[in-house]
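J.: how would this look folded up:
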Amino acid sequence: MKCISKWKFPQLRNKKTQKKKGFLKGHSKRIRKIRKTLVLMGVLGIVLLIGITALVLYIRGGRLDEPFPYSRSARVFGNSVQESSMIVEGMAGNLCVGPSDSPLDGVDGKEGELAGLFAIRQGEIPFSQGIYAQKDPGILTQLMTLLVAYENLDLDASVTIEQEDLPYSLNKTCGLAAGNIISVRQLLNAVAVYSAEDACMALARAGAGSESAFVDRMNNKAMELGMTNTNYINPTGAQEEEQYTSVYDTYLLLNAVLDQTDLVNALGTVSYTLDYTRADQESKQRWLDSDNLYVTGGVSLPRGVTVLGGKMRASDTENYAALLVQDNYGNPYAVIVLNTDSQTNLYERMEQMLETISS
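T.: Residues are numbered from 1 along each chain as shown. Alright, predicted model coming up:
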């Protein structure tokens, strides 16, 4: 048989060449496609790794056996309120410990002032000045009144106001009168939001039968919490010679309040509508605005700091503040000033301690 050379037949050569070119072209496309797939897989792998890392950090930061950031709720003691409030859940851990006086850059405590900054999650006291010294607690007394009443009374129970709940010595009331019928939860809100002294007296009688018996329960609770520099004489915070506490004991009290979601909610509420019934069965309401300027926004806060709740009073004669706050990461703090010689110094000291939290 005679062999035929492909070079003598160009058409055969062209077909071979075209087939080879087509093969090379298809091969290049496949390589490019594989490269794109590998790049895409690499990007997805990086994104997945970042996501897993973030999830691990989130889980570590929010385990139920540790403090974690708070969420918002619009209910206080089961009642709807105008302003949403912070909820606290599962707060526990070791107590803060530290010396009576511990300076901190940026905080300039004046001589004679009693103040402290407590990092609750870390169990540390970044700043302290005379935190174990005894001082009249003033309005901060009502924090213990709230805690003891909350632990000993049925929130849905009705209380009939009696004349003994309304002594002439009261300075601030929510307008209750003898014969009014009101629930325990309403009284608690009146104390938490408005610092109503008539509500304090009514809770004391309802909770223990008499003011003196209720004060005994307050002092027993103080002993239970380790408040060794505290003694109560009345539930309202009216100044009396033998009524005293300390900055550190106030921290212990706030730490106990922090375990009670309802109490923290109420203490952080901007306003509340009080509902009660008169002796003639006529329903009445009264609007109560919070007397805590840190809660209402009357005093500005550093960026990154949120007030959960607390008590304060600033006047020519009384300057107290005890706040529960948190930073952007959900770390809770207690910020307390028990004595300053002016409103200006109260606000200045509070601002300086709050600034250290936000920095």
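J.: Spell out the residue ranges of the helices in the stretch 151-300 of the chain.
T.: Under the criterion DSSP state H, counting those that start in this stretch, the stretch 151-300 of the chain contains helices at 184-194, 197-208, 211-224, 247-257, 261-267, 293-296.
J.: Pull out the buried residues from the longest one.
T.: So the one you mean is helix 211-224. Of the residues in helix 211-224, those buried under the neighbour-count criterion (16 or more other C-beta atoms under 10 Å) are E211, F214, V215, R217, M218, N219, K221, A222. For every residue, glycine as well, the C-beta is placed using N, CA and C.
J.: export these to CSV and tack on distance to L44?
T.: Supplementary listing: the buried residues of helix 211-224 in CSV, determined by distance: C-beta to C-beta, whole Å:
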residue, distance to L44
E211, 69
F214, 64
V215, 66
R217, 62
M218, 61
N219, 64
K221, 57
A222, 59
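J.: Pick out the most distant pair among these.
T.: The two members of the buried residues of helix 211-224 with the most space between them (C-beta to C-beta) are E211 and A222, at 16.4 Å.
J.: residues in contact with the nearest residue to K110 once chain neighbours are set aside?
T.: Counting by C-beta to C-beta, 6 or more residues apart in numbering, the nearest residue to K110 once its immediate chain neighbours are dropped is N345, at 6.0 Å. Taking C-beta atoms under 8 Å, 6 or more residues apart in numbering, we find N345 in contact with K110, E113, N319.
J.: Could I get the CA-only coordinates of the helix or strand harbouring N345 as CSV?
T.: When secondary structure is defined using DSSP states H and E, the element that contains N345 is helix 343-358. Presented in CSV, the C-alpha positions along helix 343-358 are these (Å, rounded to 0.1, in the frame of the first residue of the first chain):
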residue,chain,number,x,y,z
GLN,A,343,-23.9,69.5,93.7
THR,A,344,-21.1,70.6,91.3
ASN,A,345,-18.6,68.2,93.0
LEU,A,346,-21.2,65.4,92.9
TYR,A,347,-21.7,65.7,89.2
GLU,A,348,-18.0,66.2,88.6
ARG,A,349,-17.0,63.1,90.5
MET,A,350,-19.7,61.0,88.9
GLU,A,351,-18.7,62.2,85.4
GLN,A,352,-15.0,61.4,86.0
MET,A,353,-15.7,57.9,87.2
LEU,A,354,-18.1,57.3,84.3
GLU,A,355,-15.5,58.6,81.8
THR,A,356,-13.0,55.9,83.0
ILE,A,357,-15.6,53.3,82.1
SER,A,358,-16.1,54.6,78.6
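J.: If you count neighbours, what's buried in that helix?
T.: Residues of helix 343-358 classed as buried: N345, L346, Y347, E348, R349, M350, Q352, M353, L354, E355, T356, I357 (neighbour count, 16+ other C-beta under 10 Å).
J.: so where's the stretch 51-200 of the chain uncertain?
T.: 51-93 (pLDDT under 70).
J.: Could you tell me the per-residue confidence at the residue nearest to K110?
T.: Model confidence at N345, given as pLDDT, is 96.
J.: now L48
T.: The per-residue pLDDT reported for L48 equals 74.
J.: Tell me, how many residues neighbour it?
T.: When neighbours are defined as other C-beta atoms under 10 Å, L48 has 10 of them.
J.: One more: D280?
T.: 6.
J.: who's in contact with K36?
T.: Going by C-beta under 8 Å, 6+ apart, the list of residues near K36 is empty.
J.: Using the three-state scheme, assign it.
T.: Reducing the assignment at K36 to three states with DSSP: H, G, I helix; E, B strand; the rest coil gives helix.
J.: Quickly note the distance from it to G45.
T.: Plainly put, K36 is 15 Å away from G45 if you go by C-beta to C-beta, to the nearest Å.
J.: and if you look at L188?
T.: Here the distance between L188 and G45 works out to 55 Å (C-beta to C-beta).
J.: most centrally placed residue in the chain?
T.: Centroid-nearest residue in the chain: L308, 3.2 Å away (criterion: C-alpha atoms, centre = their mean).
J.: helix or strand for that one, which one?
T.: Under the criterion DSSP H and E, the helix or strand holding L308 is strand 306-314.
J.: what ranges do the strands span in the stretch 101-250 of the chain?
T.: Taking DSSP state E, counting those that start in this stretch as the test, the strands found in the stretch 101-250 of the chain are 114-119, 124-129, 158-160, 181-183.
J.: so which of those strands gets nearest P99?
T.: Using C-beta to C-beta as the criterion, the shortest distance between P99 and the strands of the stretch 101-250 of the chain is 6.5 Å, found for strand 124-129.
J.: Give the rounded mean pLDDT of stretch 229-236.
T.: Along stretch 229-236, the predicted local confidence has a mean pLDDT of 98.
J.: when you give positions from now on, start the count at 56
T.: Okay, residue one is now 56; in that scheme the one you just asked about reads as stretch 284-291.
J.: which other residues reach that stretch?
T.: Outside of stretch 284-291, the residues within contact range by C-beta under 8 Å, 6+ apart are 187-189, 192, 196-197, 199-200, 225, 252, 255-256, 258-259, 266, 269-270, 273-274, 277, 295, 297-301, 303-304.
J.: Quick check on the residues you listed: which are buried?
T.: Restricting these to buried positions leaves 187-188, 192, 196-197, 199-200, 252, 255-256, 258-259, 266, 269-270, 273-274, 277, 298-301, 303-304, with burial counted as 16+ other C-beta under 10 Å.
J.: which of the buried residues of helix 266-279 lies closest to D160?
T.: Minimum distance to D160 across those is 33.5 Å, recorded for A277 (C-beta to C-beta).
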